[in-house]
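[1] sequence-free structure coming up:
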Ligand code: ADP
């Protein structure tokens, strides 16, 4: 008899879900609702080795969760056995430092934090409320993207701005993708047969969104994302670090209002901004093969930024045992991994080209035996991490 946990990740126009049996850690069903709020939305639901789809208008998150329920009722497995629901909550602010059982008070707290994460927290709250109506008798749990980084020391999380303004508006580095960084750092230690508390790691989460963290003995000591997920590495459509002066310069010189600049930096910058709309690394590689100079420069900028963060975290950690690549780009793009590590050769860090294969579905060592640091690819699994966290909270 399985012990199914439902995990939900509600974005502004999508809901991703998985039902995971926590005993065997097997995925019993998975799916995704897309295009919520558009004229025509869709759901793709996989269970029992089959994939099913429905297309229809999905006006809001309540309708989306209604459709998820319909998919489970039609194609299984039954939702009746679900023991708990884990919800991805992007911003926990200063209050939520760990995975938390959702009460009315927690929902109020999340609502208060919406100013810090206007794109992420409102859809998350809408998803929680809709799911609570569908599964009212089981515990619902919030897993925060920021929680893993609540251990950052003040010197890492404090911005050098007016202290009173920072305090009044809760301006500090929070960090995101924490569930992935935490899962991957644990998995890397386990794979290497090392005690997590005895190793220093640099984790590179390179998906469409990208972030990097310095993890000392299992504890996060620095990360690249900040008050918002806009900071740090170059991403698919986000700029990552820029001179903050650019914001007011564009307002003044280009007559852009703050929303326009915000959209520019979040939605049409990063790889897409530099490479004429291409944000997917497969498209970027294809463009480079055709001699596209913009795509080439975009990749060079990406590699340069990532390498400079690795260097910075090597300095912060003092010594490094592992550099770990994960998420879509990190797991699949062996050339980007090779470009980054080639820039670190002066530190004695070397890849083994035969081990650095394109696609790694299992943890793999890709460094040479003579490398000063062990370089790994460790596939992330945020859904499994969320299911584990959820089960831990309800088992307490
Ligand atoms: P997110 O969860 O942030 O949406 P993912 O971790 O799924 O992102 O990563 C998606 C990105 O991974 C894609 O935009 C693409 O750039 C990259 N990617 C996926 N598969 C490949 C591949 N085979 N080769 C190169 N890059 C890939």
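    Arrived safely. Every value quoted in this text rests on a predicted model; they were computed, and no experiment measured them. Residues are numbered from 1 along each chain as shown.
[2] What helices and strands are in contact with the helix or strand containing residue 66?
    According to DSSP states H and E, residue 66 maps onto helix 61-75. Applying 3 or more C-beta pairs under 8 Å, 6 or more residues apart in numbering; DSSP states H and E, we find helix 61-75 packed against strand 15-21, strand 26-34, strand 41-47, strand 50-56, helix 121-134. All C-beta spots, glycine's among them, are computed from the backbone N, C-alpha and C.
[3] Quick one: work out the angle between that helix and strand 26-34.
    140 degrees (axes from the mean of the first three to the mean of the last three C-alpha atoms, to 10 degrees).
[4] re earlier: out of the helices and strands packed on helix 61-75, flag the one nearest the ligand.
    Among those, the nearest to the ligand by C-beta to the nearest ligand atom is strand 15-21 (9.0 Å).
[5] hmm, back to that, take the helices and strands packed on helix 61-75 and write them to TSV, including distance to residue 211 and mean pLDDT.
    Output for the helices and strands packed on helix 61-75, formatted as TSV (distance: least, C-beta to C-beta, whole Å; pLDDT from 0 to 100):
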stretch	distance to residue 211	mean pLDDT
strand 15-21	19	97
strand 26-34	22	97
strand 41-47	27	97
strand 50-56	31	97
helix 121-134	18	94
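[6] most neighbours per residue, which of those?
    strand 15-21 (a mean of 23; mean count of other C-beta atoms under 10 Å).
[7] Which residues does that strand contact?
    Residues outside strand 15-21 that contact it (C-beta atoms under 8 Å, 6 or more residues apart in numbering) are 2-9, 26-33, 36, 47, 61, 64-65, 68, 72, 77, 82, 127, 383-384, 387.
[8] How about it and the ligand, any contact?
    No: residues of strand 15-21 are not located near the ligand by C-beta under 6 Å from any ligand atom, the shortest gap being 9.0 Å.
[9] Verify the contact between residue 139 and residue 84 for me.
    Yes: Residue 139 lies in contact with residue 84 (C-beta atoms under 8 Å); the separation is 4.9 Å.
[10] Which neighbours do the two have in common?
    In contact with both residue 139 and residue 84: 393-394, using C-beta under 8 Å, 6+ apart.
[11] Comparing these two, which residue is more hemmed in?
    For residue 139 versus residue 84, neighbours defined as other C-beta atoms under 10 Å are more numerous around residue 84 (22 against 15).
[12] Tell me the pLDDT of the more buried one.
    Looking at residue 84, its pLDDT reads 98.
[13] Was I right to think it contacts residue 391?
    Yes: shown here, residue 84 and residue 391 form a contact pair, counting by C-beta under 8 Å, at 6.9 Å.
[14] Need the overlap of contacts for those two.
    residue 5.
[15] show me where this protein has strands.
    For the chain, applying DSSP state E gives strands covering 4-10, 15-21, 26-34, 41-47, 50-56, 84-89, 100-101, 140-144, 200-206, 210-216, 219-223, 322-326, 364-365, 374-377.
[16] Make TSV from the ones you listed and add distance to residue 355 to it.
    Listed next are these as TSV, based on distance: least, C-beta to C-beta, whole Å:
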stretch	distance to residue 355
strand 4-10	32
strand 15-21	30
strand 26-34	28
strand 41-47	32
strand 50-56	33
strand 84-89	33
strand 100-101	40
strand 140-144	33
strand 200-206	17
strand 210-216	22
strand 219-223	27
strand 322-326	12
strand 364-365	6
strand 374-377	9
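[17] Show me the residue sitting in the middle of the protein in space.
    residue 177 (3.6 Å; C-alpha atoms, centre = their mean).
[18] contacting residues around the closest residue to residue 11 other than its chain neighbours?
    Leaving aside its chain neighbours, residue 11 sits nearest to residue 123 (5.8 Å; criterion: C-beta to C-beta, 6 or more residues apart in numbering). By C-beta under 8 Å, 6+ apart, residue 123 lies in contact with 10-12, 61.
[19] The residue of the stretch 151-300 of the chain found nearest the ligand: neighbouring residues, count only.
    When scored by C-beta to the nearest ligand atom, the stretch 151-300 of the chain has residue 207 as its residue closest to the ligand, at 2.7 Å. Around residue 207 there are 18 other residues, counting by other C-beta under 10 Å.
[20] repeat for residue 296
    Neighbour tally, residue 296, other C-beta under 10 Å: 15.
[21] isn't it right up against residue 285?
    No: contact between residue 296 and residue 285 fails when scored by C-beta under 8 Å: they sit 10.3 Å apart.
[22] Touching both of those two, which residues are there?
    With C-beta under 8 Å, 6+ apart as the test, residue 296 and residue 285 reach no residue in common.
[23] gap between residue 238 and residue 263?
    11 Å (C-beta to C-beta, to the nearest Å).
[24] Between these two, tell me which one has more neighbours.
    Shown here are residue 238 and residue 263; by other C-beta under 10 Å, residue 238 has more neighbours (26 against 13).
[25] burial count for the residue in the stretch 201-350 of the chain that the ligand sits nearest to?
    Here the stretch 201-350 of the chain gets closest to the ligand at one residue, residue 328, 2.0 Å apart by C-beta to the nearest ligand atom. Residue 328: 18 surrounding residues under other C-beta under 10 Å.
[26] Excluding chain neighbours, what is closest to it?
    That would be residue 207: by C-beta to C-beta, 6+ apart, it lies 4.7 Å from residue 328.
[27] Name the residues of the stretch 201-350 of the chain found near the ligand, please.
    Going by C-beta under 6 Å from any ligand atom, the residues of the stretch 201-350 of the chain near the ligand are 207-209, 236, 279-282, 327-329, 332-333.
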